[in-house]
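> Got a sequence here, can you model it:
(one chain, ligands or ions: 1)
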Amino acid sequence: MEQRVRELQQLLQNASYAYYVLDNPIMEDSVYDQLYRELQELETQYPHSITPDSPTQRVGEKPATQFFSVRHNIPLYSLENAFNIDELKAWEQRWRRTAPGFVLKALEGDKGDKGDKGDKGDKRDKGDKEAFLPQLPTPDSRLPTPLYVCELKIDGSAIALTYENGLLVRGVTRGDGVMGEDITQNVKTIRSIPLRLQVENPPTRVEVRGEAFLPLDVFEQINQERSQKGEPPFANPRNAAAGTLRQLDPRIVDKRRLDFFAYTLHVAGRDDASVYQTQWEALELLQQMGFKVNPHRKLCPTVQEVAEYYRYWDTERLNLLYMTDGVVVKINSLPLQEQLGFTQKFPRWAIALKYAAEEAPTRVEEIAVNVGRTGALTPMAIMRPVQLAGTTVSRATLHNSDRVAQLDIRVGDTAIVRKAGEIIPEVVRVLPELRPAGTQPFQMPTHCPTCSQPVIKEGAVTRCVNASCPSILKGALEHWVSRDALDINGMGEKLVHQLVDRGVVHSVADLYNLNAEKLMQLERMGQKSVEKLVQAIAASKTKPWSRVLYGLGIRHVGSVNAQVLTQKFFTVEQLATAKTTDIESVYGIGAEIAHSVYDWFHIPANQSLIARLQAAGLQLAGEAVEESRQNDASLPLAGKTLVITGTLPTLKRDEAKELIQKAGGKVTDSVSQKTDFLVVGEEAGSKLEKAQKLGISILSEAQLTEMANS
Ligand code: IVH
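Numbers count the residues shown, from 1 in each chain. Here you go, the predicted structure:
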């Protein structure tokens, strides 16, 4: 029986390899399914016969509850960028200057020196006997010239795979390059990643790096499904791949059909120098081990050839089934790579030669104005849909009236829109030569497009200041129900809009007058969802005072400031009657915040809102959190002030804050000279810039966790 199991495993593995890696199927789907079922049945009957690399072990049954941070065996560096051939040439100049003289001499000498080649040949022969490879790659590639290997830069998510004695034991996301997340369960679902290396006598440990990516057709299909379900689409295939890899349920990952190209090989536990000497050979080895390696790689003896390759792929890439955003140029010789080493962030021996962010012309059909929660009016260009960087773009932000004036963008114009990475599309410029006759410059409205009340101008920002403006109200409600505020699950954007548009809700306090009967009358509300919603609204009354304060949406009062304030002002009365100087005396609260809070509590409409919330039973007072920890000098973050920005990979804001506070640190909302560390997540904005200007140390979530637990 054991033998039949092994036989089936091998048959299925060969078929899967032929299908997913070689793209050359050798078995009918129906035959595959039948053999797979037979294997599954046998393995169920004889569980001891299951091996970790059996084809049945790719998709785990149990969703993970979280991912664990792990340290990479070898850090994953990122790449320096060049945007044109001149910058590429400058890079070549730089690395040549850094290269120790003897290396360069050896390079030049090697070109015609057969003796040296023979030397290497000897070393190889010796290595060959114990090598884990049946065949060595083409001998020409062993020469230091060609100098460069060009590879396509795949726009996906880097992952690191560890194989021990040939078996895949770990898959980790890039993370910050030093620490990543263990996503082994998810990595196993990628069919083009071998569960066992296809070599006899594998080395003790092999580290393979490469790019996990979503083919464009899968990407589009996922986005279609998402929009049908009312979920926001992924901005680009890279985000989609990264998001998929961090799915907790491997069965969902399995459905998403991720793919993988391998590009880096590290071998431990064996003198790898005897096996391969160049990146080109490493790629061939990876291929022999069973990985998919991008077929469009090329050896280029000089920068001129690199330039040709780059230009060729600039147009050809549009015919590929996956996204590439540039070319990666690597020095072929591994000994030379080693000599050159790394800067703080990048290898000196490689560079990403990127294509310009994708731009496309399209017609401006309308300039709409959006009113946000703070009342700020944001002009948006509504355009004829265009394909950009793998997504359909039909609107772009114009930021504010200054930007509109600068662009002189008008309805009817042909505008160039750009989408760089995950950034929201923006208008780069308009083409005045294509402007139809009779257009008028765009004027910001003098009255709010929603409530028709006059607007005011504060610098570049145009603002509606009507507290009962429906757009502001919608924004305020969305903020109130959001997760970090009162966390009213089930009250999404659509529902909020209905409530406001039908005149059911005129203020946040009106949410507490809602009942099942009123909610049942709304569109798409069934018995079950109404019950849940009623419960969530009731539960929000138990949320602490700090969350309520945050939920009020007072300008400059983020969730951290709300906590800081409620630790000093235990009741809403204390805060509402405080002088600006009292508020400012709180650690971490500056004059701007103090004035904003003071002003808010002195508006009569806000005072009656507070009274109504109090009557509804919300928590507008609460015990202060015990502060003694912050005085314990033995704690790892004692005396340190930290600011958090962006979305952290695993921790929610509250959790990160708690972690810092438990470690004796303080968390504030804004970056200043007093800040010791800025903890940075994805999509960090102005805080990061400010911290960099002030020279404040930046921490990733992983580094924070490590510090806090040290
Ligand atoms: S080599 C130390 N090769 O680009 C060198 N990277 O912008 C490590 N990437 O983090 C990278 N295709 O995620 C390399 N053929 C390729 C690549 C590639 C895509 C990604 C990778 C890296 C990023 C840097």
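> Within range of the ligand, give me the residues from the stretch 151-300 of the chain.
151, 153-154, 158, 211, 263-264 (CB under 6 Å from any ligand atom). C-beta here means a position set from N, CA and C on the backbone, and glycine is covered the same way.
> top of these by neighbour count?
Ile154 (26 neighbours; other CB atoms under 10 Å).
> Contact partners for that residue?
211, 213, 261, 294, 322-324 (CB atoms under 8 Å, 6 or more residues apart in numbering).
> Quick check: the gap between the closest residue to it other than its chain neighbours and Asp325.
Spatially, and ignoring its direct neighbours in sequence, Ile154 is nearest to Glu211 (4.1 Å; CB to CB, 6 or more residues apart in numbering). According to CB to CB, to the nearest Å, Glu211 stands 11 Å off from Asp325.
> Same question for Ile416.
Taking CB to CB, one finds Ile416 at 19 Å from Asp325.
> Compare neighbour counts for these two and give me the winner.
Neighbours were counted for Ile416 and for Asp325 using other CB under 10 Å; Asp325 has more, 20 against 14.
> So for that one, what's the nearest residue that isn't a sequence neighbour?
Asp155 is the one closest to Asp325 (CB to CB, 6+ apart), at 4.7 Å.
> Quick check, the one you found in contact with Val328.
No. Counting by CB atoms under 8 Å, Asp155 does not reach Val328; the two are 11.6 Å apart.
> Quick one: the helices in the stretch 201-350 of the chain, in order.
All helices of the stretch 201-350 of the chain, identified by DSSP state H, counting those that start in this stretch, fall at 216-228, 237-245, 250-255, 279-288, 303-316, 334-340.
> average model confidence for the helix or strand harbouring Thr378?
Element membership for Thr378, per DSSP states H and E: strand 377-388. Averaged across strand 377-388, pLDDT comes to 90.
> For it, name the packing helices and strands.
strand 358-371, strand 391-397, helix 401-407, strand 414-419, strand 461-464 (3 or more CB pairs under 8 Å, 6 or more residues apart in numbering; DSSP states H and E).
> would you put the C-alpha positions of it in PDB?
Extracted in PDB, the C-alpha atoms of strand 377-388 (Å, rounded to 0.1, in the frame of the first residue of the first chain):
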ATOM      1  CA  LEU A 377     -14.200  70.500  -0.500                       C
ATOM      2  CA  THR A 378     -12.100  68.300  -2.700                       C
ATOM      3  CA  PRO A 379     -12.300  68.800  -6.400                       C
ATOM      4  CA  MET A 380     -12.200  65.500  -8.400                       C
ATOM      5  CA  ALA A 381     -11.700  65.000 -12.100                       C
ATOM      6  CA  ILE A 382     -14.300  62.500 -13.500                       C
ATOM      7  CA  MET A 383     -12.900  61.100 -16.600                       C
ATOM      8  CA  ARG A 384     -13.600  58.700 -19.500                       C
ATOM      9  CA  PRO A 385     -12.300  55.400 -18.000                       C
ATOM     10  CA  VAL A 386      -8.800  54.400 -19.000                       C
ATOM     11  CA  GLN A 387      -6.600  51.300 -18.300                       C
ATOM     12  CA  LEU A 388      -3.700  52.300 -16.100                       C
END
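> Pairing partners for the residue in the chain that the ligand sits nearest to in the sheet, please.
Residue nearest to the ligand within the chain (CB to the nearest ligand atom): Ala158, separated by 3.2 Å. The partner list for Ala158 in beta bridges (DSSP bridges) reads Glu211.
> Next, the contact list for it, please.
Ala158 touches 76, 173-174, 209-212, counting by CB under 8 Å, 6+ apart.
> Check Arg196 too.
53, 163, 166-168, 290.
> ok, the residues you listed vs Arg94, which is closest?
Tyr163 (34.8 Å; CB to CB).
> Let's see the pLDDT reported for the closest residue to that closest one other than its chain neighbours.
Residue nearest to Tyr163 in three dimensions, not counting chain neighbours: Val206, with 4.3 Å by CB to CB, 6+ apart. Note for Val206: predicted pLDDT of 94.
> Against Glu305, how distant is Leu147?
Plainly put, Leu147 is 9 Å away from Glu305 if you go by CB to CB.
> out of these two, which sits in the more crowded spot?
Counted by other CB under 10 Å, Leu147 and Glu305 do not tie: Leu147 has more neighbours, with 21 against 16.
> can you pull the contacts of the more buried one?
Leu147 makes contacts with 107, 300-302, 331-333, as judged by CB under 8 Å, 6+ apart.
> One more pass at 6 Å, please.
Leu147 makes contact with Pro301, according to CB atoms under 6 Å, 6 or more residues apart in numbering.
> ditto for Gln614
Taking CB under 6 Å, 6+ apart as the test, what Gln614 contacts is Leu620.
> Distance check, Thr462 against Lys640.
40 Å.
> how about low-confidence regions in the protein?
100-145, 235, 269-274, 389-390, 420-423, 623-632 (pLDDT under 70).
> longest helix in it, by residue count?
Ordering each helix of the chain by length in residues (DSSP state H) puts helix 2-20 first.
> Which other helices and strands does that helix contact?
Packing partners of helix 2-20 (3 or more CB pairs under 6 Å, 6 or more residues apart in numbering; DSSP states H and E): helix 29-45.
> Name the next helix or strand downstream of the helix it packs on, please.
strand 69-71.
> Neighbouring strands of that next one in the sheet, and parallel or not?
Sheet pairing for strand 69-71, assigned by DSSP bridges, gives strand 179-181 (antiparallel).
> thinking in terms of the whole chain, how far from its middle is the partner strand?
Distance of strand 179-181 from the chain centroid (CA atoms, centre = their mean, to the nearest Å) equals 13 Å.
> can you check stretch 194-202 too?
In terms of CA atoms, centre = their mean, the centre of stretch 194-202 is found 32 Å from the chain centre.
> how about the residue nearest to Asp325, phi and psi?
For Asp155, the backbone dihedrals (degrees, to the nearest 10) come out as phi -90, psi 80.
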